[in-house]
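[1] sequence first, predicted model second:
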Amino acid sequence: MADQSTIARPYAKALFDVANAEQKLGSWSDALNAAAAVLGDANAKRVLANPELVAAKRAEFIRAVSVGLKGADLFETAQGKALLALLAENDRLTVLPEIAAQFDALKAEAENKIKATLVSATAVDASVAERVKQALVKRLGREVELTLEVDPSLIGGAIVRAEDMVIDGSVRTRLEQLARAMVS
């Protein structure tokens, strides 16, 4: 069986092409992320796993539960209803989170943006975060949307992740490398 990434790719690409042509990338991104949030809920997963629930009811369930979430109003349009119906008929509703992720990646590429995460042992002040962001902009040549995270297990230093690039300057990693070197 194909993995979710492979299954999601054609849906994300087709939806991206439509949304881009209509200049609705942000709206569709919000809608897909709303649906993905619904699918992240354990109760929603349980309802959708019911084999007695027909495809049309599965699509309606996602649409109804997402009401009130940012962007979910797009599922009230003919295109939104058609998307949910298509995914339900093909038993692909569970792939919505991956479709949302791939759509957002295509959107970021089209907008020349990249999402990056700075993970540090302690909270980073705004000036340090801005310097890291500007260094990434210079290195990657793209606009950077920087998210900050705290992980005390790093002990010190930081890790920067941007797509497939990882810069690990954490004390934890340096200690692990030192321990491996001493054992060798």
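    Looks like it came in fine.
[2] dump the helix or strand where Tyr11 lies to CSV, restricted to CA.
    Element membership for Tyr11 (DSSP states H and E) is helix 4-21. Taking C-alpha atoms only, helix 4-21 is exported to CSV below (Å, rounded to 0.1, in the frame of the first residue of the first chain):
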residue,chain,number,x,y,z
GLN,A,4,0.2,8.9,2.9
SER,A,5,2.7,11.2,1.3
THR,A,6,2.4,9.5,-2.1
ILE,A,7,-1.4,9.4,-1.8
ALA,A,8,-1.6,13.0,-0.8
ARG,A,9,0.7,14.4,-3.5
PRO,A,10,-1.7,14.5,-6.5
TYR,A,11,-4.6,16.0,-4.4
ALA,A,12,-2.3,18.7,-2.9
LYS,A,13,-0.9,19.5,-6.3
ALA,A,14,-4.2,19.7,-8.1
LEU,A,15,-5.7,21.8,-5.3
PHE,A,16,-2.7,24.1,-5.3
ASP,A,17,-3.0,24.7,-9.0
VAL,A,18,-6.7,25.6,-8.6
ALA,A,19,-6.1,27.8,-5.6
ASN,A,20,-3.1,29.5,-7.2
ALA,A,21,-5.1,30.3,-10.3
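[3] run the angle between the very next helix or strand once past that helix and helix 4-21 for me.
    Counting by DSSP H and E, the next helix or strand C-terminal to helix 4-21 is helix 25-39. Orientation of helix 25-39 against helix 4-21 (axes from the mean of the first three to the mean of the last three C-alpha atoms, to 10 degrees) gives an angle of 150 degrees.
[4] quick one: buried residues of helix 25-39?
    Neighbour counts over helix 25-39 (16 or more other C-beta atoms under 10 Å) mark 25, 27-39 as buried. Any C-beta I mention is one placed from the backbone N, CA and C, and that applies to glycine too.
[5] lowest confidence element among the helices and strands of this protein?
    Ranked by mean pLDDT, DSSP states H and E, the weakest helix or strand in the chain is helix 171-183, scoring a mean of 87.
[6] who touches stretch 101-119?
    With contacts defined as C-beta atoms under 8 Å, 6 or more residues apart in numbering, stretch 101-119 is touched by 5, 8-9, 12-13, 15-16, 19-20, 25-26, 28-29, 32-33, 36, 124, 129, 132-133, 136, 140, 142-151, 154, 158-163, 170.
[7] alpha carbons of it, in PDB - could you do that?
    Output in PDB follows, covering the C-alpha atoms of stretch 101-119 (Å, rounded to 0.1, in the frame of the first residue of the first chain):
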ATOM      1  CA  ALA A 101       1.200  19.800   4.700                       C
ATOM      2  CA  GLN A 102       2.100  19.300   1.100                       C
ATOM      3  CA  PHE A 103      -0.200  22.100   0.000                       C
ATOM      4  CA  ASP A 104       1.500  24.500   2.500                       C
ATOM      5  CA  ALA A 105       4.900  23.400   1.200                       C
ATOM      6  CA  LEU A 106       3.900  24.200  -2.400                       C
ATOM      7  CA  LYS A 107       2.400  27.500  -1.200                       C
ATOM      8  CA  ALA A 108       5.600  28.400   0.700                       C
ATOM      9  CA  GLU A 109       7.700  27.600  -2.400                       C
ATOM     10  CA  ALA A 110       5.500  29.700  -4.600                       C
ATOM     11  CA  GLU A 111       5.700  32.600  -2.100                       C
ATOM     12  CA  ASN A 112       9.500  32.100  -1.700                       C
ATOM     13  CA  LYS A 113       9.000  31.400   2.000                       C
ATOM     14  CA  ILE A 114      10.400  28.800   4.300                       C
ATOM     15  CA  LYS A 115       9.400  27.700   7.700                       C
ATOM     16  CA  ALA A 116      12.200  27.300  10.200                       C
ATOM     17  CA  THR A 117      12.300  26.200  13.900                       C
ATOM     18  CA  LEU A 118      14.800  27.400  16.500                       C
ATOM     19  CA  VAL A 119      14.900  25.000  19.400                       C
END
